[in-house]
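Trainee: just to be clear, the model below is a prediction. Sequence and coordinates:
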Amino acid sequence: MGYKIAVVGATGNVGREMLNILAERQFPVDEIVALASRKSLGTEISFGDRTLKTRDLDTFDFTGWDIALFAIGSDATKIYAPKAAKSGCVVIDNSSLYRYDPDVPLVVPEVNPEAVLGYAKKNIIANPNCSTAQMVVALKPLHDRARIKRVVVSTYQSVSGSGKEGIDELWDQTKSIYNPTDSKPPRKFTKQIAFNVIPHIDVFLEDGQTKEEWKMVAETKKIVDPSIKVTATCVRVPVFVGHSEAINIEFEDHLDEAEARDILREAPGIMVIDKREDGGYVTPIECVGDFATFISRIRQDPTIDNGINLWCVSDNLRKGAALNAVQIAETLGQRVLKKG
């Protein structure tokens, strides 16, 4: 017997990816429904070798459904997630709405799988921010060995992290550069994204951080260890899919680069590609469509006593969103629901 699964926001980038990954990983689905807003009613969506037609989220009854994977914004999630949870369906939410709620577990299955057991307080599990998810997969095995004191991270985040509008804006602006009569001013982003980088993701906070940077700090503490100090600079770059991060880690205990490399090679969800030669590292183009978080450029930081630098790349629509949500569903199934 399999699960009855609802994918909410099935016409969006992340919702479509959730359906792809459920099929690719052969998740034990007994019944599946694609839900979207009324304006998308009847849109055809692929699920493996099947085609689903979207149904109206507004009128859908979640009673009798096991798991709902939510990939809609916080405003809509605030309306529909409590309804689904109250009906007995476990919500796995990709928005930021519940991430910082002490009664809602924030889960990356390679890092804190046991946290799913806390779902019962609200029948909701939160999926972390895309930039946090890949970073904590890399941090956790190193933290277990040498205890992390401080992390300094600079991100290079693709436009797909801001949805279809971000992808379209990069595409249209790039074409318009070569056609002076077809100007495409910024709409989704605050400045031109084509052939440019923008050190601004989400809103600015009073202390000068952006909310994206604050999310990385707060979520790392909740998922890995509240004692870790984190400072982040988050940058949008003209890449369609794939987030990259330059991470500097300071440990309490000494950890040399060779041991760090060995630890990461053995860690779940990680693929180490680290040759000190031309092309001996991973870039966003190579990570697209892959489940792994890729680690390259592992090296000692000689400016501090116990420091390591590394480069971390992952498909933000997969590990940063849809894949992590499906992995949470798998973990919930194995540890709690036990069907299939």
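Mentor: Received it, and whenever you're ready, just let me know what you need.

Trainee: biggest helix in this protein, by residue count?
Mentor: Counting by DSSP state H, the longest helix found in the chain is helix 130-146.

Trainee: show me how far the next helix or strand after that helix is from its chain's centre.
Mentor: Moving toward the C-terminus from helix 130-146, the first helix or strand encountered (DSSP states H and E) is strand 148-157. For strand 148-157, the gap between its own C-alpha mean and the chain's C-alpha mean amounts to 16 Å (C-alpha atoms, centre = their mean, to the nearest Å).

Trainee: could you tell me the angle between the longest helix of the chain and strand 148-157?
Mentor: Relative orientation of helix 130-146 versus strand 148-157 (axes from the mean of the first three to the mean of the last three C-alpha atoms, to 10 degrees): 150 degrees.

Trainee: show me what helix 130-146 is packed against.
Mentor: Using 3 or more C-beta pairs under 8 Å, 6 or more residues apart in numbering; DSSP states H and E as the contact test, the elements touching helix 130-146 are strand 148-157, helix 211-223, strand 243-251, helix 257-266, strand 270-272, strand 293-300, strand 307-314. To be clear about C-beta, it is placed using only N, CA and C from the backbone, and glycine gets the same treatment.

Trainee: quick one: average confidence on it?
Mentor: Looking at helix 130-146 alone, the average pLDDT works out to 98.

Trainee: list the buried residues for it?
Mentor: Of the residues in helix 130-146, those scored as buried under the neighbour-count criterion (16 or more other C-beta atoms under 10 Å) are 130-143, 146.

Trainee: among those, which one sits closest to Gly163?
Mentor: Set against Gly163, the nearest of the buried residues of helix 130-146 by C-beta to C-beta is Cys130 (11.6 Å).

Trainee: where's the closest residue to the closest one other than its chain neighbours relative to Leu52, distance?
Mentor: Setting aside the residues directly before and after it, Cys130 is nearest to Gly320 in space (C-beta to C-beta, 6 or more residues apart in numbering), at 2.9 Å. When distances are taken as C-beta to C-beta, to the nearest Å, Gly320 and Leu52 turn out to be 24 Å apart.

Trainee: neighbour count winner among the two?
Mentor: When Gly320 and Leu52 are compared for neighbours, Gly320 comes out ahead with 29 against 17, by other C-beta atoms under 10 Å.

Trainee: so what's that one up against?
Mentor: Applying C-beta atoms under 8 Å, 6 or more residues apart in numbering, we find Gly320 in contact with Asn129, Cys130, Ser131, Ala133, Gln134, Gly161, His243, Ser314.

Trainee: one more: Arg147?
Mentor: For Arg147, the set of contacting residues under the criterion of C-beta under 8 Å, 6+ apart consists of Phe251, Glu252, Asp253.

Trainee: got the residues you listed as a markdown table, with neighbour count columns?
Mentor: What follows is those, written out as a markdown table (neighbours: other C-beta atoms under 10 Å):
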| residue | neighbour count |
| --- | --- |
| Phe251 | 20 |
| Glu252 | 14 |
| Asp253 | 11 |
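
Trainee: distance to Thr283 and pLDDT for those - can I get that in CSV?
Mentor: Below are those laid out as CSV (distance: C-beta to C-beta, whole Å; pLDDT from 0 to 100):
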residue, distance to Thr283, pLDDT
Phe251, 27, 98
Glu252, 32, 98
Asp253, 32, 97
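
Trainee: between these, which sits nearest Val197?
Mentor: Lowest distance from Val197 to these (C-beta to C-beta) belongs to Phe251, with 29.8 Å.

Trainee: which one of the helices and strands packed on helix 130-146 is the most hemmed in?
Mentor: Ranked by mean neighbour count under mean count of other C-beta atoms under 10 Å, these are led by strand 307-314, which reaches a mean of 24.

Trainee: shaky segments in this structure?
Mentor: Across the chain, the ranges flagged by pLDDT under 70 are 340.

Trainee: domain assignment for it?
Mentor: 3-127+321-336, 131-158+197-314 (the TED database).

Trainee: tell me which residues touch the closest residue in space to Asp172 that isn't next to it in sequence, please.
Mentor: Counting by C-beta to C-beta, 6+ apart, the nearest residue to Asp172 once its immediate chain neighbours are dropped is Lys184, at 4.7 Å. With contacts taken as C-beta under 8 Å, 6+ apart, Lys184 has the following neighbours: Glu169, Asp172, Gln173, Lys175, Ser176.

Trainee: of those residues, just the buried ones, ChimeraX syntax please.
Mentor: When burial is assessed using 16+ other C-beta under 10 Å, the buried subset of these is captured in ChimeraX by this command:
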select :169,173,176
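
Trainee: and the contacts of Lys184 as JSON lines, adding secondary structure?
Mentor: Formatted as JSON lines, the entries for the contacts of Lys184 read as follows, by DSSP: H, G, I helix; E, B strand; the rest coil:
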{"residue": "Glu169", "secondary structure": "helix"}
{"residue": "Asp172", "secondary structure": "helix"}
{"residue": "Gln173", "secondary structure": "helix"}
{"residue": "Lys175", "secondary structure": "helix"}
{"residue": "Ser176", "secondary structure": "helix"}
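
Trainee: what's the closest of the contacts of Lys184 to Ala10?
Mentor: Comparing those against Ala10 with C-beta to C-beta picks out Glu169 as the nearest, at 23.0 Å.

Trainee: against Thr11, how distant is that closest one?
Mentor: Glu169 is 19 Å from Thr11, by C-beta to C-beta.
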